[in-house]
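# Quick one: sequence and predicted model below, then my questions.
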Amino acid sequence: KEIPLDNGAVESLSLKKENVGRQKLSWHYAPSFLLLWLSVFFAIVIPLYNRLPDRINISEELLKPGQFVAERAMSQLYVYDRIGPKVTGSFANEVTTVAFLLAEVEKIKGQMLGDLYEIEVDVQTPSGGFSFGSMVSMYQGIQNIVVKLSTKQSQSESYVLINCHFDSKPGSPSSGDDGTMVVVMLEVLRQMVISETPFEHPIVFLFNGAEELGLQGSHGFITQHKWAANCKMVMNLEVAGSGGRDLLFQTGPNKPWLVKYYRLYAKHPFATTIAEEIFQSGLLPSDTDFRIFRDFGNVPGLDMAQINNGYVYHTIFDAYKVVPGRSVQNTGNNVLALVRAFSNASELHGTESTDDGQTVFFDFLGLFFVYYTETTGIILNCCIAVISLALVGCSLWRMARQSEKVTIPQISLWFLIILGLHVVGVLLCFGLPLLMAVLFDAGDRPMTYFTSNWLVLGLYICPAVIGLVLPLTLNDTLKPNVRPILVLNLFFIFKGGYLQNKLSHAYHLQMSLHSHLVVQALLAIILTAMGMRFQYMCLVSMVFYAGALLINLVSTLHDRGNYWAVIVMCLQVLPFCYFCYIIYVLLVVMLPITGRNGIAMNPDLMIALICACCTFFALGFIAPFINGFRWPKLILLGLGVITFIFCMIAVSEVGFPYRPKTNVMRVNVVHTQRLFYEFDGSLSHSDSGYYFTYMDRRGLNPLKDSQVNLTGLVSIEPDCDKYVMCGAPCLYSCGSRKSARWLPRDSDVVVPGNILLKLLGRTITQSQNTVRYDFGVTGPPQMNIFIQPVGDAVVTGWSFVGNVLENAQPPYYVFFNYGIDDSPLKFFIELKKSDGDFSEPVLEVAVVGHFISHDYDRDAEVLKFLGDFPDFVFVVEWPSILKRYIY
């Protein structure tokens with residue numbers, strides 16, 4: 001049915017359209033407006049993120065007494081780097097590196113002010129184990145270098161613990177992870193022993209020798225060492241790449257005073273609650289010793305790590321030459337200042353009585369540090385959210401008062417419509433980048449940004465901006481064309497004609513910004529109710545826009561054309577810089593992680609989500625100003641063209657993820673000999689081949705056109721029905737075994753050693769329908785034991801520690817790691833069978849021996865195979881042997 005039109009209304013609409021056109025800036029100013037904010041990012045955010053102190057040289061030491069000397073630490077790092085890879089159990093780790101550390105400690109001891117201080121050195125060789133998720137982690141004879149520094153007059157029984165690790169992943173010299181922190185701790189120790197200012201609490205410097213394969217060194221210390229019970233707080237020092245500033249990414253738990261000390265004494269603060277919540281959520285394929293100290297020792301503390309250049313993390317390129325001296329200076333300044341503070345902290349006398357909940361903390365561009373308790377955060381969030389909503393209400397009331405023939409109900413209805421359109425925009429802000437991620441993954445083009453990081457601007461941020469603004473832009477530009485059908489039905493509800501044409505364009509624009517404030521306020525309340533501490537982002541966003549709105553209301557700029565926009569944009573500079581800064585930090589961490597996050601998840605979704613969050617927070621009050629220019633659809637079209645151009649670049653050679661030496665593709669290859677023995681002891685099957693585990697979403701596809709011969713590559717999943725743990729020679733964790741690949745080899749892999757599983761005894765208890773098997777296993781420093789009950793048999797007990805039997809389903813797996821003690825691992829397994837018939841198979845056991853370090857030779861065929869990989873690939877490899885038995 002046609003709706004009769006009012007000719008006067010049509011004429012009024014034409015006049016209004018002409019007036020609105022005069023209120024808007026010409027469209028060609030829009031690129032300058034957007035580039036202005038991009039310039040702010042590069043002119044302020046990037047320099048502040050990369051700001052590092054100058055390195056102090058040994059020649060300057062007399063002029064700068066008591067300060068960390070990075071040059072000396074770097075000279076020690078050079079020696080550490082020259083040792084090469086330091087896998088637990090290798091000669092390099094257990095002999096050479098231990099000797100290096102003890103020698104350096106002796107040098108420092110020789111410089112100590114003997115009348116003030118005393119040093120005790122202990123080489124600990126713990127053995128033990130613990131359950132880690134669904135796995136049992138066992139260790140034997142690993143080595144920790146433990147140094148206790150105390151003042152001779154101190155009577156304190158509360159110690160400060162500082163931890164790093166000196167072992168490495170296979171193939172990596174580990175100058176970043178964790179060699180940098182090793183030399184930082186050595187120089188901090190030296191500075192403390194030559195200082196004439198004594199301290200109250202003894203300091204324990206723990207150099208642990210088994211972190212990379214299961215956090216075992218820290219467990220051995222905190223559960224067995226004679227000084228462990230006295231350690232009341234810990235500073236765990238890590239590196240997730242090479243260089244950059246050290247990020248505080250875990251605190252507590254429930255010890256706000258630790259964060260207070262960090263704020264007071266850290267020379268270069270760099271921290272965020274967001275990193276803590278992401279890390280503790282398990283989204284990252286990493287863990288640190290901090291978990292062990294917290295969970296097994298109930299020791300609170302700070303967990304800090306350098307985060308730059310994660311591309312070299314755990315590779316051969318994590319070498320001395322890529323470690324910046326200024327980064328070492330930055331970390332050294334922070335650690336030295338914090339150690340001095342914590343070693344005099346009165347709170348260490350009663351850490352059990354200071355449980356005050358979690359903390360919200362963050363630094364602002366590295367310039368200053370903010371922290372408050374979670375309880376304070378709840379109060380702040382609720383109060384600011386309510387105030388923000390009240391200010392929006394006041395603004396709408398003022399608009400109604402200042403506009404002719406517009407009632408408060410009418411303007412409230414119009415605002416609710418704008419709010420609904422903005423909510424749609426927020427959904428598109430996240431939906432469009434995620435759609436891009438899905439499309440690129442579907443086209444076998446994930447990770448195009450891995451090396452060319454700037455591609456995220458066009459691939460994800462531009463679509464997010466388009467999505468955020470599009471609904472209100474269409475409403476603003478299309479409403480004259482759809483007036484007879486849409487506008488009258490939706491808006492001509494109250495008397496007075498077209499409400500949107502009775503309000504100035506400035507008011508329309510303000511309401512679109514108000515709608516974002518309402519969304520932020522509601523989001524803050526929801527996140528607070530969920531217990532999420534990263535809701536402080538909403539708080540920051542609300543404070544600055546609500547502050548601008550308050551200024552505009554009080555000064556009446558609110559009602560003076562577009563002058564209010566100047567206040568809003570001026571007050572948006574600081575939150576824009578902060579949000580870009582924190583999102584940039586997340587991208588610095590997460591972009592390299594996409595290269596080692598496995599094949600199961602599309603990493604583009606994670607990067608797209610981060611970019612969408614950046615747009616929502618950093619540009620939420622800025623992007624709507626696009627509608628303040630004429631022809632906003634043309635501006636959005638321009639952003640769409642930019643997205644298209646970036647897509648074309650991404651699918652070209654520029655978007656190929658990997659580069660030699662700097663941004664490498666990681667490939668894990670275990671060259672394996674497998675032997676499968678049956679119940680009667682006969683060998684039913686044996687083979688040799690290469691076991692591949694995928695490290696990133698592209699799998700082995702980038703190798704299709706290379707010289708590597710992958711003919712015959714098959715999935716290992718069909719073996720899962722035949723052999724325990726799929727017959728996979730996996731190391732440490734076997735969670736990705738079903739997606740792994742097996743490349744058969746005609747000739748046998750030459751294994752440089754053997755693994756022996758010996759049945760020591762078999763005891764049947766007929767009255768309980770149980771059988772007990774006693775075993776002993778010998779082999780290389782790293783071994784796995786896989787256990788699978790057969791038929792209706794159930795494992796009811798064993799000699800391994802932990803609660804895996806209660807919390808996990810078979811197959812069970814045990815990882816065993818030893819240092820200098822290569823004596824056999826003895827264990828028993830007890831099974832129960834309902835009918836008590838043990839004349840048939842009840843137990844399947846497989847053992848895997850890993851010859852990881854280069855103390856063991858590789859055979860000639862393996863070396864040739866490895867030599868065929870292209871130069872953009874870093875191969876982590878070692879020989880292994882798997883033996884499967886049935887009892």
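Cool, the structure landed. Numbering: from 1, shown residues only.

# who touches the one residue sitting closest to the centre of the chain in this structure?
The centre of the chain sits closest to residue 284, judged by Cα atoms, centre = their mean, with a distance of 4.7 Å. Going by Cβ atoms under 8 Å, 6 or more residues apart in numbering, residue 284 touches 278, 593. (C-beta placed from N, C-alpha, C; glycine too.)

# Sheet partners, orientation included, of the helix or strand hosting residue 207?
If you go by DSSP states H and E, residue 207 is part of strand 203-208. Strand 203-208 sits in its sheet next to strand 144-151 (antiparallel), strand 159-165 (parallel), going by DSSP bridges.

# Quick check: the residue nearest to the centre of the chain is in a helix.
No - per DSSP: H, G, I helix; E, B strand; the rest coil, residue 284 lies outside any helix segment and is coil.

# Flag the shaky bits of this protein, pLDDT-wise.
In the predicted model, the chain carries pLDDT under 70 at residues 1-23, 351-355, 478-502.

# Neighbours of residue 590, how many?
By other Cβ atoms under 10 Å, the residues close to residue 590 number 19.

# So it is in contact with residue 609, correct?
No - using Cβ atoms under 8 Å, residue 590 is not in contact with residue 609; the gap is 9.8 Å.

# which other helices and strands contact the longest helix along the chain?
Scanning the chain for the longest helix, with DSSP state H as the assignment, gives helix 408-442. When contacts are defined as 3 or more Cβ pairs under 8 Å, 6 or more residues apart in numbering; DSSP states H and E, helix 408-442 sits against helix 374-402, helix 462-478, helix 488-491, helix 505-529, helix 603-618.

# Of those helices, which is nearest residue 211?
Smallest distance to residue 211 across these (Cβ to Cβ): 25.6 Å, for helix 603-618.

# Mind listing residues that contact the closest one?
By Cβ under 8 Å, 6+ apart, helix 603-618 touches 283, 426, 429-430, 433-434, 436-438, 440-441, 446-447, 449, 456, 459-461, 464-465, 468, 537, 541, 575-576, 579-580, 583, 586-587, 590-591, 593-594, 597, 623, 696-697.

# Run a quick neighbour tally on residue 263.
Neighbour count of residue 263, defined by other Cβ under 10 Å: 15.

# Test my guess that it contacts residue 364.
No - with contacts defined as Cβ under 8 Å, residue 263 does not count as touching residue 364, sitting 11.6 Å away.

# what do the two both touch?
With Cβ under 8 Å, 6+ apart as the test, residue 263 and residue 364 both reach residue 370.

# what's the most buried one of the strands paired with strand 203-208?
Counting by mean count of other Cβ atoms under 10 Å, strand 159-165 has the highest mean neighbour count of these, with a mean of 27.

# contact partners of that one?
Residues contacting strand 159-165 (Cβ under 8 Å, 6+ apart): 148, 178, 181-182, 184-185, 188, 201-212, 217-218, 227, 230-238, 289, 293, 299, 301, 335, 339, 342-343, 348.

# let's see 7 Å
Strand 159-165 is contacted from outside by 178, 181-182, 185, 201-209, 211, 217-218, 227, 230-237, 289, 299, 339, 342-343, using Cβ atoms under 7 Å, 6 or more residues apart in numbering.

# next SSE after it?
Going down the chain from strand 159-165, the next helix or strand is helix 181-194, by DSSP H and E.

# Which elements pack onto that next one?
In terms of contacts (3 or more Cβ pairs under 7 Å, 6 or more residues apart in numbering; DSSP states H and E), helix 181-194 is packed against helix 70-83, helix 98-111, strand 144-151, strand 159-165, strand 203-208, strand 231-239, helix 325-342.

# Would you mind getting the angle between the first one and helix 325-342?
Just to be clear, that refers to helix 70-83. Counting by axes from the mean of the first three to the mean of the last three Cα atoms, to 10 degrees, helix 70-83 lies at 110 degrees to helix 325-342.

# Counting by contacts, list what helix 70-83 packs against.
Counting contacts by 3+ Cβ pairs under 7 Å, 6+ apart, helix 70-83 is packed against helix 98-111, helix 181-194, helix 325-342.

# Run me through the strand neighbours of the helix or strand hosting residue 120, direction for each.
When elements are assigned from DSSP H and E, residue 120 belongs to strand 117-124. Looking at strand 117-124 with DSSP bridges, its partner strands are strand 144-151 (antiparallel).

# and the partner strand, C-alpha only, in PDB?
Taking Å, rounded to 0.1, in the frame of the first residue of the first chain, the C-alpha atoms of strand 144-151 are listed here in PDB:
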ATOM      1  CA  ASN A 144      71.100 -27.000  39.100                       C
ATOM      2  CA  ILE A 145      73.700 -24.400  40.000                       C
ATOM      3  CA  VAL A 146      72.400 -22.700  43.100                       C
ATOM      4  CA  VAL A 147      74.100 -19.600  44.600                       C
ATOM      5  CA  LYS A 148      73.000 -18.000  47.900                       C
ATOM      6  CA  LEU A 149      74.200 -14.500  48.600                       C
ATOM      7  CA  SER A 150      73.600 -13.100  52.100                       C
ATOM      8  CA  THR A 151      75.000 -10.400  54.400                       C
END
